[in-house]
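In: structure for this input, please:
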Amino acid sequence: MSSSRKQVAKGEDMRKEYDFTHAVRGKYANRFPKDVVMVTLAPDVAEAFPDAESVNQALRVLLKAAKKIAPAA
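Out: The predicted structure is shown next:
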């Protein structure tokens, strides 16, 4: 194991200003259902969609169009 890997394994790569003394692992993990995928939209794209449902609707239309053009084999 290289020395850089040993440091990562020991946690010595963290900066001193990062204090996770009172951190709670997985504190927000249950906010979303397990099948939710989070993505970041570019600002210009996000501006066009007011909510998640409108994004999903647009993607479903795109999927439907793609299937018509090139049906799955």
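
In: contact partners for the residue nearest the centre of the chain?
Out: Centroid-nearest residue in the chain: residue 38, 4.0 Å away (criterion: Cα atoms, centre = their mean). Taking Cβ atoms under 8 Å, 6 or more residues apart in numbering as the criterion, residue 38 is in contact with residue 32. For the C-beta atoms, the positions are set from N, CA and C on the backbone; glycine is no exception.

In: and it, what's its pLDDT?
Out: Per-residue confidence (pLDDT) for residue 38: 85.

In: any idea how far it is from residue 52?
Out: Look at residue 38 and residue 52: by Cβ to Cβ, to the nearest Å, they are 10 Å apart.

In: which SS class is residue 27?
Out: Secondary structure, DSSP: H, G, I helix; E, B strand; the rest coil: residue 27 is coil.

In: and it, what's its pLDDT?
Out: 89.

In: relative to residue 69, how far out is it?
Out: 44 Å.

In: also residue 15?
Out: From residue 15 to residue 69 the distance is 50 Å (Cβ to Cβ).

In: could you do residue 54 as well?
Out: Going from residue 54 to residue 69 by Cβ to Cβ gives 23 Å.

In: which one's more surrounded, these two?
Out: Neighbour comparison, residue 54 and residue 69: the larger count goes to residue 54, with 11 against 6 (by other Cβ atoms under 10 Å).

In: next one: the more buried one from residue 66, what distance?
Out: 19 Å.

In: next: residue 24.
Out: 42 Å.

In: between these two, which is the more surrounded one?
Out: residue 66 (11 against 7).

In: buried residues, the helix or strand that one falls within. List them.
Out: Assigned by DSSP states H and E, residue 66 belongs to helix 52-69. Neighbour counts using 16 or more other Cβ atoms under 10 Å place residue 55 of helix 52-69 among the buried residues.

In: excluding chain neighbours, what is closest to residue 14?
Out: Nearest residue to residue 14 in three dimensions, chain neighbours excluded: residue 20, at 8.0 Å (Cβ to Cβ, 6 or more residues apart in numbering).
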